[in-house]
Each structure stands twice: as structure tokens, then as C-alpha cells.
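Enquirer: Next comes the sequence, and after it the predicted model I'd like to discuss.
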Amino acid sequence: METIVQTLSQDHSRCDQLFAKAEESVAKTDWKRANTDFANFRAAMERHFTMEEEVLFPTIEKRAGQRIGPIRVMRMEHQQMREVFVEMEESVTQQDSDEYLGLSETLLMLMQQHNGKEEHMLYPLSDRVLQHDAPSVIKEMQQKGDQL
């Protein structure tokens, strides 16, 4: 049986690969490819955020019967990353590799800290809280992500 930890950690890895690909395209100043690669990375991140924000987080909070502090923090961090995405997209549009790469460093630190909290605290908690419902939650997250 696949777990929430496995499913969403694998998705983190997929997003990380797309992040690295976009960064490489910018570093090479291949702007056509950078535009596509960044768009793919951003779409993957939005898909991931949507799966969490529209399925996982509400399901955990409903099960807990209250809003949970760590989930509030995760939502806030998603918003912080979205703000960096806007700036990164602008730097690609302006073909400003120095600006993009600086923002990329900032985003990398945000993602590493965020993913660590999710993978080591929130996802294991989710698997425990949801127990036997985890497979149906995973399926619902994937369906929601596929709609994007």
C-alpha cells in the first residue's frame, strides 16, 4: 500500500528535477527553453500545492476537528514560494539570468526547509491520522492534480 509520505515525497523529487532543469536553462541563457522549463516547474509546483491545499490539508483538519498549526505554516510557505515564482517568471521574461539565479537560491532554501517539514513531520502525521483512508486520499489528490 502506497503511503502519503511516498506519494508526495516522490512528487517533491519530480518538482526538484524540473527546478534544476529550469535553472540549467537559465544558466545557459537558453531563454526559449528556460521559458518552457520554468513554466513546467511552476505548473508542477502548483499541482503539488493544489493536491495538498484542496485535498490533504482539509482532510486532515476535518479528521482532527480543528485547524492545525503546521498546516497553517505549510499554506503560508506555499504563498511565499508563489511570490518568488512571480519574480522568477519576470526575470525569465526580462532574460535576466543573474536575477533568476539569485531568486533560485532563495527558492531552493525555501523548498528544502518546507519539504523537510512535510516529509519528516506532516506526511507521517497524515499517514497516521488517515490510516486506512490514505489510499483514497492519495487517489483524490492525484485526480485533483490531473485536473490542472
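Expert: Received it, and whenever you're ready, just let me know what you need.

Enquirer: Kindly state the pLDDT recorded for Arg67?
Expert: As predicted, Arg67 sits at a pLDDT of 76.

Enquirer: Which residue, neighbours along the chain excluded, lies closest to it?
Expert: Among residues not flanking Arg67 along the chain, Glu61 sits closest, at 5.6 Å (C-beta to C-beta, 6 or more residues apart in numbering). The way it works is simple: take the backbone N, C-alpha and C, and place the C-beta from them, glycine included.

Enquirer: can you check Glu54 too?
Expert: Lys144 (5.6 Å).

Enquirer: Let me see the contact set for that neighbour.
Expert: For Lys144, the contact set (C-beta atoms under 8 Å, 6 or more residues apart in numbering) comprises 50-51, 54-55.

Enquirer: make it 6 Å
Expert: Residues in contact with Lys144 (C-beta atoms under 6 Å, 6 or more residues apart in numbering) are 51, 54-55.

Enquirer: The residue most central in space within the chain: helix or strand, and which one exactly?
Expert: With distances taken as C-alpha atoms, centre = their mean, Met45 lies nearest the centre of the chain, 4.1 Å away. Here Met45, judged by DSSP states H and E, is contained in helix 31-51.

Enquirer: counting contacts, what elements does that helix pack onto?
Expert: helix 4-27, helix 69-93, helix 134-146 (3 or more C-beta pairs under 6 Å, 6 or more residues apart in numbering; DSSP states H and E).

Enquirer: Residues in contact with the following helix or strand past it: which ones?
Expert: Using DSSP H and E, the helix or strand that directly follows helix 31-51 along the chain is helix 57-64. Residues external to helix 57-64 that are found in contact with it (C-beta under 6 Å, 6+ apart): 67-68, 71, 126, 129, 137.
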